[in-house]
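# 3D, please:
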Amino acid sequence: MDNKSKLIIDSFGKDRFKFNEPLKDYTAFGVGGSARLFFIAFTERELVSIINMCRQLKLPYFLFGTGSKIMISDLGFNGLVIKNRTKNIQTVSVKGKVTKFGIGVEEAVVEVESGVSIKRWIEYLDSQGLETLGFENIPGSIGGNLFLNRFLQNHTKSIKVLDLKSKLERINVSALSLKRHIILSAVFRIKAKK
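So this is what the prediction gives:
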């Protein structure tokens, strides 16, 4: 094992890594060779920390979410593969009216971490009485879909990203770049169900 890999492993603990892990088990297409090192990030802090370490050590890394939109070479990846399993969803604010019949929610602002699957996102919206129409047939996770899906982008208020200089910032969808940003979370405006 090289010194760069050893530094990262020592920082997070050997039990958090898998070695020569077959990536076909993590993609929808079921193809792909092995990752020399494999790590699952469960929190935003872990995700940012491990990416920053890879950048500082110049260790090649590859980040993905649910694996629904990627194909990996049978040759595998000679570096660190990071699976994004961040999971927090939080209602930030609600907008509504108070009437003699009670409080009526019209719209909610919800922040969702990038590793959350669209399926889990829909379950959360449904449990909060918020509109799910239009989200149902989107495979994958929030992070990957924000680069691709216009419907999701149209409901986005802001996106929290890690840029190329490892700076955290909030940007608008129009500033989002696949080459410059890693999505950490997004804030959405969602209407209440009618």
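# tell me the mean pLDDT for stretch 117-125?
Averaged over stretch 117-125, pLDDT sits at 95.
# outside of that stretch, which residues touch it?
The contact list for stretch 117-125 (CB atoms under 8 Å, 6 or more residues apart in numbering) reads 65-66, 87, 89, 110, 112, 131-132, 135-136, 138-142, 145, 190. Yep, even glycine has a C-beta here, placed from its N, CA and C like the rest.
# from those, which ones fall inside strands?
Among the contacts of stretch 117-125, the residues falling in strands (DSSP state E) are Ile89, Val110, Val112, Ile190.
# contacts only, for the last one.
Think Ile190. By CB under 8 Å, 6+ apart, the contact set of Ile190 is Glu107, Ala108, Val109, Val110, Leu125, Leu130, Glu131, His155.
# could you redo those residues as a markdown table and give each row neighbour count?
Output for the contacts of Ile190, formatted as a markdown table (neighbours: other CB atoms under 10 Å):
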| residue | neighbour count |
| --- | --- |
| Glu107 | 14 |
| Ala108 | 21 |
| Val109 | 16 |
| Val110 | 22 |
| Leu125 | 21 |
| Leu130 | 20 |
| Glu131 | 16 |
| His155 | 18 |
